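Asker: Quick one, fold the following:
(chains A and B)
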Protein chains: 2
Amino acid sequence: MGSRLFHHSFFLTIPTTMATDPQFLKYVDDHQQDYIDRLAKAVAIPSVSGNLSYVKDVEAMGEWLIQQLTSLGVKAEKRAIGTHELEGQTVDLPPVVIGQIGNDPKKKTLLVYGHYDVQPALLEDGWLYPPFELTPDPNGSGRLYGRGATDDKGPVLGWLNVLEAHQAIGKELPVNLKMVFEGMEENGSVNLDKFIESEKDKFFAGVDCMCISDNYWLDTKTPCLTYGLRGINYYEIKINGPDRDLHSGVFGGTVHEPMTDLIALMSRLVTPEGQILVPGIKDLIAPVTDDERAKFEAIHFEMSDIHAAVGGDVTISDDTVATLMGRMRNPSLSLHGIEGAFSAPGSKTVIPCQVKGKFSIRLVPNLTVASVTDLVVKYVQDEFKKLGSKNKLDVYLTHGGEPWLADPNHYSYQAAHKATEAVYGQVPDYTREGGSIPVTLDFANILGLNVLLLPVGRGDDGAHSTNEKIDTDNYIRGTKLLGSYMYELAAAKP
Amino acid sequence: MGSRLFHHSFFLTIPTTMATDPQFLKYVDDHQQDYIDRLAKAVAIPSVSGNLSYVKDVEAMGEWLIQQLTSLGVKAEKRAIGTHELEGQTVDLPPVVIGQIGNDPKKKTLLVYGHYDVQPALLEDGWLYPPFELTPDPNGSGRLYGRGATDDKGPVLGWLNVLEAHQAIGKELPVNLKMVFEGMEENGSVNLDKFIESEKDKFFAGVDCMCISDNYWLDTKTPCLTYGLRGINYYEIKINGPDRDLHSGVFGGTVHEPMTDLIALMSRLVTPEGQILVPGIKDLIAPVTDDERAKFEAIHFEMSDIHAAVGGDVTISDDTVATLMGRMRNPSLSLHGIEGAFSAPGSKTVIPCQVKGKFSIRLVPNLTVASVTDLVVKYVQDEFKKLGSKNKLDVYLTHGGEPWLADPNHYSYQAAHKATEAVYGQVPDYTREGGSIPVTLDFANILGLNVLLLPVGRGDDGAHSTNEKIDTDNYIRGTKLLGSYMYELAAAKP
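Answerer: Take a look at the predicted model:
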């Protein structure tokens, strides 16, 4: 286990590595309040991308970002990427903000991604403070409450803070830095893939590796580097029976009921212990390597962590490694719900005429969207035949995303590992995320880059929830982490 | 099969029996348009009991009914029966309208029930014509479109038409008539049971038998008498797992998911062929008697009827008697839906933390609410234990209603049988309804009466649907049927 010497201390100077410029670190320590003020300005712009009434605010947030970047010496600009439908209206997509600073062929070129839009937030949803006013916890915990504080304005501003420090101390960055910030991450990153594709040999040319700070530590204590994401295949099983909803008093006992067929099929997908019942999927999973197992065994994780996170002891396993691998390394199948059946409170004696069961399978190497879909469709069709129902079945993928796995021994990861040790005095956990972050795959696959996911916030930051927060310590150390990572990267031997 | 001589003829005189006063029948034939005009006035009052904005209209409909009854020589009054909650407001329940005409101790006393409230209806729901304007089909089919035309204003007005005819021809009714009309049938008949109980030895004293016209022919061609209703037990299976909804990316594969448990349990309740899997229920069903079987075999019914009614060949059986018994005589179990799971269009990768599966079982003699509930609760609990889940189960009855079966050989049924033969020239089908009509049980059980369900409308009238209608032929013949039934009843020997 790494040292936790500095865990509960805020506003303290911390040890440096050889690589990182000590003036940079000192500047960060001396300007913590300035950095918090900058974050307050960013949080005050309610850049909610999923809501028509905030379209201007998202735009304003993009402009603010360009103005900030420009004042910090970055050649920044916005790029229009088309339109989309929002609440029935066609509106411009929030522009992609790109920036570049440094163009020294002797330096490595680092690409950084972040997003300047946020999830919706309303005080009446249960926020302690107005969500678009960054509010320090009056109890002195160091928590800074506000929508976007950790997802993803805090991490994005970490890079701006790094730039400000270097401008102030009159030092060039140790790497060439390219930045790409989008305003649609919380609403599907529409057209970002096309933008990456179109700029592959232009703006993105010459990039050596990439860093994204848009996920979180596994717990509240241990910094981590994230090198994998599960993919997802989302399916619907549609059963059509009668051509109208029927009254169960009148027709119950006479017709094949679509719900009965659907529930029978859904019950054959996964066991209560989480074992996927679709034949063939297990055989496709890549065997666990020794290196992988070692990384899972080294993760700082206790069963009490997950019990606290889910609010109850409902874990399938009592073993930490099995639980972590269940989350990060193995496929899982979840039954999400049924469209078309009665779902309101109360009682309704309906026989729904068409129902759609929804489930998804999380993908891990070497499962692919296509191979799993072939197996699922065939299995569900075969099981339906066994039911002997006169209803009609349709089973199909609604969307799919491949799993992603980076090389965690790449020099970019090694640089982040060293920076973490230097800034936090702890060895980072090597984690994978159970969920998908589609932009990661877009960048990794289209640009052919090693992507490092380097979280700034903690596991309890509550991204997407009420009372989202970032800890002051994580925000300030996160700024140092990003800066130190640059220095370690510059020193690394590919 | 009965004669269908008169099926497609409207506005025709039809043969009489010995019992029925020919002047009455002639008056009905001569005043068809007056009767349609009366129905138009009733339909024009939008007496929707389930909607706060129609409270005054329901009240107005009750007043209109009292005024009509009074002008026809009935001693009519309204009775307040308390208050209820409607859309968050406490409002008076629509009054019960009671009326009495005739008090001759030498005559039988018939109790008639109907309701003057209706289901909601909006033109934009897909009505061909404004729902509160009675509109004859311009194609000349004889259909009279309008909300309440068949459910239940047409049948209620049938009785008023009978009274008007007798007033006009200067004849007393052959029976003493007591009437009870409620304004809350479409919204739960709140407090009607208490009213019946409280008036058992007052208004309802001395009643010999009862007739309710609030259901429909099985098909569009054959009049019927209905002597049974299935009961219903409605259940919820509640599974609690984590204390908050979880993201399937983060927690899929690590926790016992409530949906997985629920779907497993729901899949063990009923087969796709409709066989109830709860042990013990089958053993409680009363054996089929020869008389019962004969009545089912005599019903005019073809598989094409049900295929048309449900919009597709999705029947479990291809046999008419098996299908009819499946609907009327056997229990059935329908899975209605799930509360708490994802139910909207689109994709959501949620692991719901609490889900409630809803299902109901239709009850037939000798199943009781209590005996079936004991079996269901034990079975679901036992099956849950087999799952080995750490989640929590609760399974409970949300409401129950006993089945009802009248003696179809009672003199009231015999009277209705003769009246049907006289008015329609057809032997009536003896049917049961698959669904429940709770007021039937209240009257039958509290007052200890034989209740005859004597439908006026056809199987395609679309009660509760858009474009509800009554056929002119059924409305006019229905008036004759109700009148003739009175005469046959008066002549019957108990």
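Asker: quick one: A:L449 is in a helix?
Answerer: No - counting by DSSP: H, G, I helix; E, B strand; the rest coil, A:L449 falls outside a helix, being coil.
Asker: check contacts around the nearest residue to it once chain neighbours are set aside.
Answerer: Distances taken as Cβ to Cβ, 6 or more residues apart in numbering or on different chains put A:M210 closest to A:L449, at 4.7 Å, once the chain neighbours are dropped. (C-beta placed from N, C-alpha, C; glycine too.) Contact partners of A:M210, counting by Cβ atoms under 8 Å, 6 or more residues apart in numbering or on different chains, are A:110-113, A:412, A:443-444, A:447, A:449-452.
Asker: Next, format those as TSV and append pLDDT and neighbour count.
Answerer: Shown next, in TSV, are the contacts of A:M210 (pLDDT from 0 to 100; neighbours: other Cβ atoms under 10 Å in any protein chain shown):
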residue	pLDDT	neighbour count
A:L110	98	26
A:L111	98	23
A:V112	98	23
A:Y113	98	24
A:S412	98	27
A:F443	97	23
A:A444	97	18
A:L447	98	20
A:L449	97	18
A:N450	98	19
A:V451	98	27
A:L452	98	24
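Asker: picking that back up, now the residue nearest to A:L449, what's its secondary structure?
Answerer: Applying three-state DSSP: A:M210 is strand.
Asker: Which residues does it form beta bridges with?
Answerer: A:L111, A:V451 (DSSP bridges).
Asker: now the helices for the stretch 301-450 of chain A?
Answerer: A:303-310, A:320-328, A:369-387, A:411-424, A:438-447 (DSSP state H, counting those that start in this stretch).
Asker: can these go into CSV with extra columns for distance to A:R230?
Answerer: Shown next, in CSV, are those (distance: least, Cβ to Cβ, whole Å):
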stretch, distance to A:R230
helix A:303-310, 17
helix A:320-328, 7
helix A:369-387, 12
helix A:411-424, 19
helix A:438-447, 11
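Asker: Please work out which residue of the stretch 351-494 of chain A is closest to chain B.
Answerer: A:G435 (2.2 Å; Cβ to the nearest Cβ).
Asker: actually the stretch 1-150 of chain A, not the one I typed
Answerer: A:G126 (12.3 Å).
Asker: Same question for the stretch 151-300 of chain A.
Answerer: A:G249 (2.1 Å).
Asker: who's in contact with A:R79?
Answerer: A:95-98, A:195.
Asker: Counting neighbours, which of these comes out on top?
Answerer: When neighbours are counted by other Cβ atoms under 10 Å in any protein chain shown, A:V97 leads those with 27 neighbours.
Asker: I'd say it and A:V180 touch.
Answerer: Yes - contact criterion Cβ atoms under 8 Å: A:V97 and A:V180 qualify, at 7.5 Å.
Asker: what distance separates stretch A:448-466 from the centre of its chain?
Answerer: Stretch A:448-466 sits 6 Å away from the centroid of its parent chain (Cα atoms, centre = their mean, to the nearest Å).
Asker: and that stretch, how far apart are its ends?
Answerer: Between the opening and closing residues of stretch A:448-466 there is a gap of 37 Å (Cα to Cα, to the nearest Å).
Asker: Now it: buried residues?
Answerer: Residues of stretch A:448-466 classed as buried: A:449-463, A:465-466 (neighbour count, 16 or more other Cβ atoms under 10 Å in any protein chain shown).
Asker: Go through the residues you listed and flag which are in strands.
Answerer: A:451-453 (DSSP state E).
Asker: where does the residue nearest to A:L449 land on pLDDT?
Answerer: Here, the pLDDT recorded for A:M210 equals 98.
Asker: Grab the nearest non-local neighbour of the residue of the stretch 1-150 of chain A closest to chain B.
Answerer: Closest to A:G126 by Cβ to Cβ, 6+ apart is A:T466, at 4.4 Å.
Asker: just A:Y475 next, same as before
Answerer: A:Y475 sits nearest to A:G154 (Cβ to Cβ, 6+ apart), 5.2 Å away.
Asker: so the one you found sits in a strand?
Answerer: No - assignment of A:G154 by three-state DSSP gives helix, placing it outside any strand.
Asker: Quick one: residues contacting it.
Answerer: A:39, A:144, A:148, A:456-457, A:470, A:474-475, A:478.
Asker: Pull the most distant pair out of the contacts of A:R79.
Answerer: The distance between the two most remote of those (Cβ to Cβ) is 11.3 Å, for A:V97 and A:F195.
Asker: got the domain boundaries for chain A?
Answerer: A:22-229+A:404-491, A:231-267+A:279-285+A:344-401 (the TED database).
Asker: Save the ones you listed as TSV, and put in distance to B:Y424 too.
Answerer: Listed next are these as TSV, based on distance: least, Cβ to Cβ, whole Å:
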stretch	distance to B:Y424
domain A:22-229+A:404-491	54
domain A:231-267+A:279-285+A:344-401	23
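Asker: Relative to B:F24, which of those is closest?
Answerer: Comparing the domains of chain A by Cβ to Cβ, domain A:231-267+A:279-285+A:344-401 comes nearest, at 34.3 Å.
Asker: Distance from the chain centre to the closest one, please.
Answerer: 28 Å.
Asker: Could you tell me the end-to-end distance of it?
Answerer: 5 Å.
Asker: for stretch A:251-270, same thing?
Answerer: 31 Å.
Asker: wait, does that stretch contact chain B?
Answerer: Yes - judged by Cβ under 8 Å from any Cβ of the partner chain, stretch A:251-270 and chain B are in contact via A:251-257, A:259-261, A:263-264, A:266-268, A:270.
Asker: Residues in a beta bridge with A:T83, which ones?
Answerer: The partner residues for A:T83, given DSSP bridges, come to A:D92.
Asker: Report the contact partners of it.
Answerer: Counting by Cβ under 8 Å, 6+ apart, A:T83 has contacts A:90-93.
Asker: hmm, back to that, can you classify the residue of the stretch 151-300 of chain A closest to chain B by secondary structure?
Answerer: helix.
Asker: what residues are up against it?
Answerer: Here A:G249 is in contact with A:349, B:230, B:232, B:362, B:433-436 (Cβ under 8 Å, 6+ apart).
Asker: Before I go, just wanted to say thanks for your time.
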